[in-house]
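# here's a sequence, model it:
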Amino acid sequence: MKKMRIDKLKDSILIIVAFILGGVLTYVVVTGNLTTSSKGTTSSGGATCSSKNCTKVLVDGSGISQSVSKVYDGVAIVRNYQNNELAGFGTGFVYKEDDKYDYLITNHHVIDGNNKVTVVTSKDEELDAEVLGSDSYADIAVIRIKKNKNLTVLSIGTSENSKLGDLVFTIGTPVSNEYQGSVSTGHLAGKDRMVTVSTSSNGYGTSSGDWVMKVLQTDASINPGNSGGPLMNSNGEVIGVISMKLVKEGMGFAIPIEYAMSKIETLEKGEEIKWPQLGVQMVNVSDVKQSRFGSNYNIPNDVKTGVVVAGIVSGTGASKSDLKEGDIITKLNGEEVENAAYLRYELYKYAPGDTITLTYLRDGKEHETKAVLSKSE
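This next block holds a predicted model:
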């Protein structure tokens, strides 16, 4: 009899424990990051919020309509007029406002060569814009218009917190004006991609570009007209600036928003970005070996990369260093220099007045020298 009472007591305790555990698990399922909708589809929270005013959006089978709706009015067409005729267009987005103006970011190549720039809002209003500053190497421009009640300020996020596979989207005007406000979704396909860029207005990612940019890669559909538009995470935070100049074989790329924002204050003031100058005329080792330059410079057979010093500008840091014409620069502050574009990439990490160390080859032997960078003319 006593044994039966003990067994019943054990059963009661097990039932109570099971009930408590069931309640805890139910709470976790209901309040956690994963929920099950009435249609049986699983939903998850959006990307981690970066900005203070970010609202996390639920991503489910219906897409990211919440995020699109809250940022849609912050994206606009940017039109470039030359000789009073429409010469081209791209996209821009509002990143801040004050009592008088709305400020937009777009690409340098979108507004390059203009004598007039306008902004067309999502409500189809065409407004005169003022270009405050622009830079061809960064491919960033800042424009402003008189404050407009129909525009929304977008939240600036961070690409650093983004992960491969994260859902991303962009809004823009691909191909022609009739497709204004097109939404394109995809994923973050790559980070820290090194892409060669040409600074000429029509140089779209040429292999012999001027320099290299570290960018984000996306498989979202990017077309002419998307240039200057925002690449956003699932919460609608801007993590990059789309640039058609970076498109390669169907892959889309965006300038990380951190890099773009680091140039904004200078451009807002109408000041030029102070890129450093080394003071050397450069020829790629690969070009020398494949062209008529080959007979002019003595390049060892086992040297495949680097930059040949074809000339030195007087009064610059290079002219006061140990470099001579014919030397082959292979490293800058210990970082490998594949060609002239990569040399500029490493160089532009520094500012005028900084001292750098160059590794170079002369007669097949490796040497080092220091040079003080000056401001580019």
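
# W211 against A341, yeah?
Yes. When contacts are counted by C-beta atoms under 8 Å, W211 is listed as touching A341 (4.8 Å). Bear in mind the C-beta positions are built from the backbone N, C-alpha and C, glycine included.

# shared neighbours, those two?
Overlap between the contact sets of W211 and A341, as judged by C-beta atoms under 8 Å, 6 or more residues apart in numbering, is given by 196-197.

# the two: who's more crowded?
For W211 against A341, the residue with the higher neighbour count under other C-beta atoms under 10 Å is A341, and the figures read 23 against 20.

# could I get the CA-only coordinates of the helix or strand that contains that one as CSV?
Using DSSP states H and E, A341 falls within helix 340-347. As requested, C-alpha coordinates have been extracted for helix 340-347 and formatted as CSV (Å, rounded to 0.1, in the frame of the first residue of the first chain):
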residue,chain,number,x,y,z
ALA,A,340,49.1,50.6,-60.6
ALA,A,341,45.4,50.3,-59.6
TYR,A,342,46.4,48.4,-56.5
LEU,A,343,49.2,50.9,-55.7
ARG,A,344,46.6,53.7,-55.7
TYR,A,345,44.3,51.6,-53.5
GLU,A,346,47.1,51.2,-50.9
LEU,A,347,48.2,54.8,-51.3
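
# who touches that helix?
With C-beta under 8 Å, 6+ apart as the contact definition, helix 340-347 has outside contacts at 194, 196-197, 209-214, 276, 278, 282-284, 307, 329, 332-333, 335-337, 356, 373.

# and for stretch 363-373?
Counting by C-beta under 8 Å, 6+ apart, stretch 363-373 makes contact with 276-279, 298, 300, 317-318, 320-323, 330, 347, 350-361, all of which sit outside it.

# now intersect these with the strands, please.
Using DSSP state E, 276-277, 330, 355-361 are the members of those that sit in strands.

# whichever of the residues you listed end up buried, select them in PyMOL.
Applying 16 or more other C-beta atoms under 10 Å to the ones in strands among the contacts of stretch 363-373, the buried members can be selected in PyMOL as follows:
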select buried, resi 276+277+330+356+358+359+360+361
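
# quick one: which of the ones in strands among the contacts of stretch 363-373 is nearest to V94?
P276 (31.8 Å; C-beta to C-beta).

# give me the pLDDT value at the spatially closest residue to that closest one that is not a sequence neighbour.
Ranked by C-beta to C-beta, 6 or more residues apart in numbering and with sequence neighbours excluded, the top spatial neighbour of P276 is L373, at 3.8 Å. Model confidence at L373, expressed as pLDDT, equals 96.

# for T31, same thing?
You'll see T31 listed with a pLDDT of 38.

# what does E130 give?
Turning to E130, the model gives it a pLDDT of 98.

# next: G45.
G45 is assigned a predicted lDDT (pLDDT) of 48.

# would you confirm that K163 contacts H187?
No. With the criterion set as C-beta under 8 Å, K163 and H187 do not qualify as a contacting pair; they are 10.0 Å apart.

# who's more crowded, those two?
H187 (16 against 11).

# what is the strand ranked longest in the chain packed up against?
What stands out as the longest strand in the chain, according to DSSP E, is strand 182-197. With contacts defined as 3 or more C-beta pairs under 8 Å, 6 or more residues apart in numbering; DSSP states H and E, the packing partners of strand 182-197 are strand 167-172, strand 211-218, strand 252-256, helix 340-347.

# ok and the next helix or strand after the shortest one relative to strand 211-218, angle-wise?
Right, the one you point to is strand 252-256. Helices and strands here follow DSSP H and E; after strand 252-256, the next one along the chain is helix 257-268. Note on geometry: by axes from the mean of the first three to the mean of the last three C-alpha atoms, to 10 degrees, helix 257-268 and strand 211-218 are set 130 degrees apart in direction.

# helix 257-268 - contacts with which helices or strands?
Applying 3+ C-beta pairs under 8 Å, 6+ apart, one finds that helix 257-268 contacts strand 101-106, strand 126-135, strand 140-146, strand 238-242.

# name the helix or strand of this structure that has the lowest mean pLDDT.
For the chain, using mean pLDDT, DSSP states H and E, the weakest element among its helices and strands is strand 34-36, scoring a mean of 33.

# give me the nearest residue to N114, chain neighbours excluded.
Residue nearest to N114 in three dimensions, not counting chain neighbours: N80, with 4.6 Å by C-beta to C-beta, 6+ apart.

# tally of neighbours for that neighbour?
Neighbours of N80 (other C-beta under 10 Å): 21.

# same deal with V183?
Summarising burial for V183: neighbours were counted as other C-beta under 10 Å, giving 18.

# these two touch, right, it and I171?
Yes. Using C-beta under 8 Å, V183 makes contact with I171 at a distance of 5.5 Å.

# now do the shared contacts for the two.
What both V183 and I171 touch, as defined by C-beta under 8 Å, 6+ apart, is the set V68.

# give me phi/psi at E97?
Summarising the backbone geometry of E97 under the convention degrees, to the nearest 10, its torsions are phi -150, psi 160.

# helices of the stretch 1-150 of the chain, start to end?
2-31, 65-71, 108-111 (DSSP state H, counting those that start in this stretch).

# just the buried positions in the helix holding A341, please.
Neighbour count says helix 340-347 has 340-347 buried, by 16+ other C-beta under 10 Å.
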